[in-house]
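# Structural data only, the sequence is not supplied:
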C-alpha cells in the first residue's frame, strides 16, 4: 500500500559522518522515504553544507534538533517531517528521540538506543504512551539469511536449541588512533559520549541482539570478562561473555576491537538437537545448515525453498549479492510500509512489522549494565 512518501528528518549525519550516509542511502532505496529536513551538525554552517550535499532546501536545514522539531510541527501534515532519523554519537540519542516522541513524530535511531538504561526506560514509556513507532537499526537482522535462520529455529527444524556462539571481532582500535584525531574512534572511546562501555556497547550489543533475534531465546544470566588492552584507553576494547538462556541453552559472546587484522567479523552459530546453523556477515548470502543425519546444506537468498520472511527481505535473483545497505534498507522499507498503512488506517503486513524496536534498545542497555557489573564483580554469574 502506497499512500504517499514518508517525510524524514535527520539529526546528525553531517560532513564526515559514516553512519549518516548509510541511513540516507538505505532510506532512499525503495522510494518510499524522502529526506526533507535536518539538523545535521551542531555547527550551523556545517549543517548547511550537509543540507546542500543532501539536496535539502536551506530553509529546512536547522541549527539544532529542537528548532527542527518545533518548526516542523508547525507545518501541515503531508509536508512536515513524519519520521526522525537519529544518526549521532550515543550521548545525543536520547534528547532528539524524547522531544520527537513528545511532539508526535515517529523515530528510527542508531544503536545503542541511549547513553544510559534510565534514558532507555523513559523512551520505552514515551513510545508506549504515544503509540508512535520507534525502530532501532540493528541492521544485521535485515539480511535474508538471518531471517531464514530465525524461521528455521522458530519452526523447530533444529530441535531444542542447546548452544549459541555469537562473535564480533574487529581490529581497527588495535592502536590508540583516538589520540591521532580519528573522529569515529574519538567518541567511541570517550565515556562522556559513548557511555559506560566501549567495545561491548558498540558491537557486543549487535552480537547479543542477533543471537536473541534468531533463536527467540532470552539470556537470563551472564558471566563477563572485559579488558582494556590499549594503554591509556578509558573504555573496554575487548570482552568475553558466557551466557545462559531461558530454555537452558548455553552460549558464548565474544566482542573485540583489538583483534588485529579483523574487519567486521560478525558470526553467529546456533546448535540444536538435530542440526546447526552458521552465518558470517562477511559472506551474508551464504548460510550453512549442518545436520546430524545428512550432509551439510548451503542456502542462498532468493531460492523458492526459503521461508516467506526470508523471501520478503530478498531484493535480487539468486546469484546476485546483497549487502549492508540492502539490510539497512529492509528495516527502512518495513518502517515506511507500517507508517503508510497506519496513515491509511490499515493494519500493516506481518512481514513489515519485523524490525528492532525501542524494547530491543532497552534490552541492549540492560545487557551493557549487566556485562559491566559482572566484569567488576567477584561473583561468577550475574542475573540478566
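Great, that's in hand. These figures come from a predicted structure and were not determined experimentally.
# Show me the contact partners of whichever strand or helix holds residue 123.
Using DSSP states H and E, residue 123 sits within helix 117-130. Helix 117-130 has contacts (C-beta atoms under 8 Å, 6 or more residues apart in numbering) with 93-94, 97-98, 101-102, 104, 107, 113-114, 133-134, 357-359, 361-362, 364-366, 368-369. For every residue, glycine as well, the C-beta is placed using N, CA and C.
# can you tell me which of the residues you listed are in helices?
In helices, judged by DSSP state H, the following of those are found: 94, 97-98, 101-102, 358-359, 361-362, 364-366, 368-369.
# Residue 214 against residue 148, yeah?
No. Residue 214 lies out of contact with residue 148 (C-beta atoms under 8 Å); the separation is 9.5 Å.
# Which of the contacts of helix 117-130 are buried, as a PyMOL select command?
Those of the contacts of helix 117-130 that count as buried under 16 or more other C-beta atoms under 10 Å are selected in PyMOL with:
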select buried, resi 93+94+97+98+101+107+113+114+133+134+357+358+359+361+362+364+365+366+368+369
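# before we move on, what SS does residue 255 have?
Under DSSP: H, G, I helix; E, B strand; the rest coil, the three-state class of residue 255 is strand.
# Excluding chain neighbours, what is closest to it?
Once flanking residues are discounted, residue 255 sits nearest to residue 204: 3.7 Å by C-beta to C-beta, 6 or more residues apart in numbering.
# Kindly report the same for residue 94.
Nearest non-adjacent residue to residue 94, counting by C-beta to C-beta, 6+ apart: residue 119, 4.2 Å away.
# where does the stretch 101-250 of the chain dip in pLDDT?
Regions of the stretch 101-250 of the chain meeting the criterion pLDDT under 70 are absent.
# Do you have the helices of it handy? List them.
Under the criterion DSSP state H, counting those that start in this stretch, the stretch 101-250 of the chain carries helices at the ranges 117-130, 144-154, 183-188, 191-194, 199, 205-215.
# List the buried residues in the third one.
Within helix 183-188, the residues that count as buried by 16+ other C-beta under 10 Å are 184-188.
# Determine the set of other helices and strands touching it.
Using 3 or more C-beta pairs under 8 Å, 6 or more residues apart in numbering; DSSP states H and E, the elements in contact with helix 183-188 are helix 191-194.
# go with 6 Å
Contacting helix 183-188 under the criterion 3 or more C-beta pairs under 6 Å, 6 or more residues apart in numbering; DSSP states H and E is no other helix or strand.
# what residues does it touch?
Among residues not part of helix 183-188, those counted as contacts by C-beta atoms under 6 Å, 6 or more residues apart in numbering are 89, 177-178, 193-194, 202.
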